[in-house]
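A.B. asks: predicted model, plus sequence, below.
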Amino acid sequence: MLTLWNQFDDLFSDDLFKGRRLAQKALWPAVDIEETKDGYVLTADVPGLAPEQIDINVEDGVLTFKGERKAERKEEKDGYRRYERAFGSFQRSFVLPKGVDAGTVEAQVEHGQLTVRVPKPALAQPRRVAVKPGAQKTLAGDSAQKPQA
């Protein structure tokens, strides 16, 4: 039985495992982007994060969200514990279509998913300009003479 535990210990202390653990520390949340008739919906995986741990900004036509997942370590004295969940800071940025009003962007977190809704910009609609008649002029002069009585 001791040999099995030694092999188990060796497995998790080798260079291959250490390399995988280092690679996991760089967070890059997966994001799905969907276009609807009214706008765009970005859905990102942010498990374990509360709304106050996520910062979303729209500046110069770029939507950026960032956050940080803290490392949680617990001492285990009666056995081995393996940590695979990644932790650290992350940031994602997306260029928005021209004309998007930053004040209309909405976001919520539910069940470990961040959903950001970006309404499509209002398209510039052609506007018909009414033509009004001006003051009437006569051929002889600037204004018509009224006969005096």
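C.D. replies: Structure received.
A.B. asks: switch to C-alpha atoms for all contacts and neighbour counts from now on
C.D. replies: Noted.
A.B. asks: what about the helices in this protein?
C.D. replies: Listed in chain order, the helices of the chain (DSSP state H) span 2-13, 15-24.
A.B. asks: tell me where the model's unsure across this protein.
C.D. replies: Where the chain drops to pLDDT under 70, the residues are 1-27, 73-78, 80-85, 124-125, 138-149.
A.B. asks: can you give me the strands in it?
C.D. replies: Applying DSSP state E to the chain gives strands spanning 31-35, 39-45, 54-59, 62-69, 88-95, 106-110, 113-119.
A.B. asks: got TSV for the ones you listed, with distance to residue 131 too?
C.D. replies: Formatted as TSV, the strands of the chain follow (distance: least, CA to CA, whole Å):
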stretch	distance to residue 131
strand 31-35	40
strand 39-45	37
strand 54-59	41
strand 62-69	41
strand 88-95	41
strand 106-110	42
strand 113-119	35
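A.B. asks: name the stretch among the ones you listed that sits most buried.
C.D. replies: Most buried of the strands of the chain, by mean neighbour count (mean count of other CA atoms under 10 Å): strand 113-119, with a mean of 20.
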